[in-house]
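> everything below, folded, please.
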Amino acid sequence: MTSHDVDLIPLETVHSDITVVGGGLAGVCAALAAARQGMRVALVQNRPVLGGNSSSEVRVWVCGATAHGVQHYARETGIMGELFVENQFTNPEGNPYYWDLVLLEAVRAEPGIELFLNTDVREVDADGPSEDRRIRSVSGWQMGSERRLQFRSTTYIDASGDGIVGFLAGAQYRTGRESRAEYQESWAPESADAETLGSTILFYVKDVGYPVKYVPPSFARDITETSIPTLRDIHEGANGCDYWWIEWGGDRDVVANNEEIRDELQAAIYGIWDYLKNSGKFDADNLTLEWIGAVPGKREYRRFLGDHVLTQHDVLGQTPFEDRVAFGGWSIDLHPPGGMYATEKGSRHWHPDGNYHIPLRSLYSRNVSNMWMAGRNISATHVAFGSTRVMATCGVIGEAAGIGAALSTRRGCTPRELATEHIHDVRRTLVRADASVLGVRHDDPADLAVTARAAASSHLTALGGSESAGRWALSSALGVVVPVDPALEGVELLIDADQDTELVIDVHEVSRPQNYVPHQKVVGASVHVRAGAAQWVDVPVRWDPDTPQNAFLVVHANPHLSVHTSPGPFPGVVALTYRELSQAEPYTEQWRAWKQVLRRNAPCLRLTPATHAYSADKAIGGYARPWAGPQMWVSQPLTVDPEPQLELRWDQSVTIGEVAVIFDDDLDEDLINLHHHRTPFDVLPTLVRDYRIEAVDEAGTRVVIAEITANRVRHRRHRLATPVTATGLRLVVTGTNGAPHARVVSLRAWDAQG
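Prediction:
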């Protein structure tokens, strides 16, 4: 562009509080989070759609902390959780274009966001010495509209994936792999190098019902000359992200060589399709190519350096950072630099025992004082990045960065000052937003509920069903995770025995409040069982932990016994079966031995004494997601308590400006945007469907302040046009979406100033 051309196209300046560059899930969640904190946000995306690698342009599954069901009660909440639940309702078939709409509708619904699609950032104006830089503006070009745009803000969030903003601003960063010695990471190479994970292009196929020929282009790769046919999974039923292993470019610069990488990936796809269609080895006559991507989905490039670099030890050790603001649970998932042409497996995995924490100090630049990072460019080693890079985790990181950016902007402080001097405010804001953060107690004094007494019309006291709907043979050991609150004195199981035998149960503690695998045995017992059907057998295992926590019950294998099962799930209860690991298996990860069974069912069991895990006080303050127990109020069955009520009571009148309710959307259900697997519910049955909220004054008069029908979301906020003065607040549940009990994670009553 000549100087004369520039003069013809004037520079337009966009003023906002925060500029978010990058419209993938990290950027979308960051923009939404900041706007919900009252910020004016410019969201700048260089593609015509939102979603990044998850969009219809690339079509990668949105994976996260659930790790395809390996981790339990791990699904993301907050904005990422909203998107999953909304997609489940509006897009049950996993249409990639409908997923685009879910994201676009969420952004358009937020009045504080100004969206700029097709806008490529090309310049960054930053000043200051290298150790203390500050961004003044970022500028770019909006394709199609021929607009020159400059974005001026107090704060910037680089959610661009490749890190173009930070790079042009002079932010310190790393690419490639650190040496093993630098952070003592066993999965790092002996010597540092420039190798990264490669990029991927996917394709969709369609059965048209009649034979379709395929003539490959001249540039199609002959994959029979490669290791692909013998080392990679090719079959006519595969589609889309089943072909995640079509990856290349890890031994190149994935940005500088992007065009070469795209060409090679497309040549490989046309060659793979030729092999499927024309080799005679597959039943593919009626299949045709429906779609092939044109944009390489990049996995890795720059990782900016923050005040903390997340490492392999933080992921696997589940380091409980004081400034934790997000979590992950995907495995450390590393791929060979040679990608699809490598002679080793396409990936290797190392899962932590449960979800791990991500600190605020990994989400801002250590030398650019007004730049936050969100997504795959956060401060992490290559090994730790192998887990944090998946998109649902990028989304929760984005929400945390958006909230952090909003608070630092409002306070006029740097991200470092926010992380070191105001972390309690950050955590309270995250909890109020129902963001994805683990083990952060809700203690915000602006929530009047934390000072109230809680009462309920009823609460569930049992952890398992008593009416049999099936049987599970104890051909292998059965593991049952149950919340122990306050203590455990005995376990009763409904058993069939085909001969006189022994029933053996061990009780193990878990190593972390968010874990669901055994750590250490604390007690065990066995009892004699006589031959017979449907008999309740009591095993006297006693454990009295100092605080409520999860117990892992191991019911030993016995070929003569079967356990009766009942419909579930009961919150906090997980049933798993055990398999012996072969000597050839390379890792000792417990999830490989303990696999979930009885999904949406539970063993018929009774624990003594009656549990307190579902009492009314669990919905007041405390935790907003499972943590050493389910952390929610659960009523008795609706057949017993048809209109369950949860009530707050104060000794003195309080003035309420907003009532918020967080319902249970069953965080053990593994949702996914494009349906790697199908979850059978458009609306999660555990969500309360119909309810009303009543304020109670000193005279005992009840006033309905909110009444909702057909609810299908987790977090409902009822802002009152006129604050009410009350001594009590009552939530009355009049219907669920299918669950036999009412479930409430949190009931909150924010003061008029909150």
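> quick one: the strands in the stretch 401-550 of the chain, in order.
Using DSSP state E, counting those that start in this stretch, the strands of the stretch 401-550 of the chain run over 453-456, 470-473, 478-484, 490-497, 501-509, 520-529, 532-539, 549-555.
> quick one: contacts for Gly657?
719-720, 723, 750-754 (C-beta atoms under 8 Å, 6 or more residues apart in numbering). (Each C-beta comes from the backbone N, C-alpha and C, glycine too.)
> on that earlier part again, can I get the strands of the stretch 401-550 of the chain in JSON lines with mean neighbour count?
Below are those laid out as JSON lines (neighbours: other C-beta atoms under 10 Å):
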{"stretch": "strand 453-456", "mean neighbour count": "18"}
{"stretch": "strand 470-473", "mean neighbour count": "16"}
{"stretch": "strand 478-484", "mean neighbour count": "25"}
{"stretch": "strand 490-497", "mean neighbour count": "21"}
{"stretch": "strand 501-509", "mean neighbour count": "19"}
{"stretch": "strand 520-529", "mean neighbour count": "14"}
{"stretch": "strand 532-539", "mean neighbour count": "15"}
{"stretch": "strand 549-555", "mean neighbour count": "24"}
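> those: lowest mean pLDDT?
Lowest mean pLDDT within the strands of the stretch 401-550 of the chain: strand 470-473, a mean of 93.
> direction included, what does that one pair up with?
strand 561-567 (antiparallel) (DSSP bridges).
> and the angle from whichever helix or strand comes after the strand it pairs with to strand 561-567?
On the C-terminal side of strand 561-567, the closest following helix or strand by DSSP states H and E is strand 574-578. Comparing the axes of strand 574-578 and strand 561-567 via axes from the mean of the first three to the mean of the last three C-alpha atoms, to 10 degrees yields an angle of 150 degrees.
> which strands and helices lie in contact with strand 574-578?
Applying 3 or more C-beta pairs under 8 Å, 6 or more residues apart in numbering; DSSP states H and E, one finds that strand 574-578 contacts strand 478-484, strand 594-597, strand 601-603.
> if we go to 7 Å?
Applying 3 or more C-beta pairs under 7 Å, 6 or more residues apart in numbering; DSSP states H and E, one finds that strand 574-578 contacts strand 478-484, strand 594-597.
> what sits up against that strand?
72, 476-481, 516, 593-598, 602-603 (C-beta atoms under 7 Å, 6 or more residues apart in numbering).
> what average pLDDT does it get?
Rounded mean pLDDT across strand 574-578 is 91.
> give me the distance between it and the centre of its chain.
22 Å (C-alpha atoms, centre = their mean, to the nearest Å).
> got it, and stretch 529-540?
Per C-alpha atoms, centre = their mean, the centroid offset for stretch 529-540 relative to its chain is 41 Å.
> other SSEs contacting the strand ranked longest in the chain?
Taking DSSP state E as the criterion, the chain has its longest strand at strand 715-736. Packing contacts for strand 715-736, counted by 3+ C-beta pairs under 7 Å, 6+ apart, involve strand 645-663, strand 688-696, strand 702-708, strand 743-751.
> I'd like the helices and strands packed on strand 574-578 laid out as JSON lines, including distance to Val255.
As requested, the helices and strands packed on strand 574-578 are exported to JSON lines (distance: least, C-beta to C-beta, whole Å):
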{"stretch": "strand 478-484", "distance to Val255": "45"}
{"stretch": "strand 594-597", "distance to Val255": "40"}
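> and those strands: which comes nearest Ala616?
strand 478-484 (15.8 Å; C-beta to C-beta).
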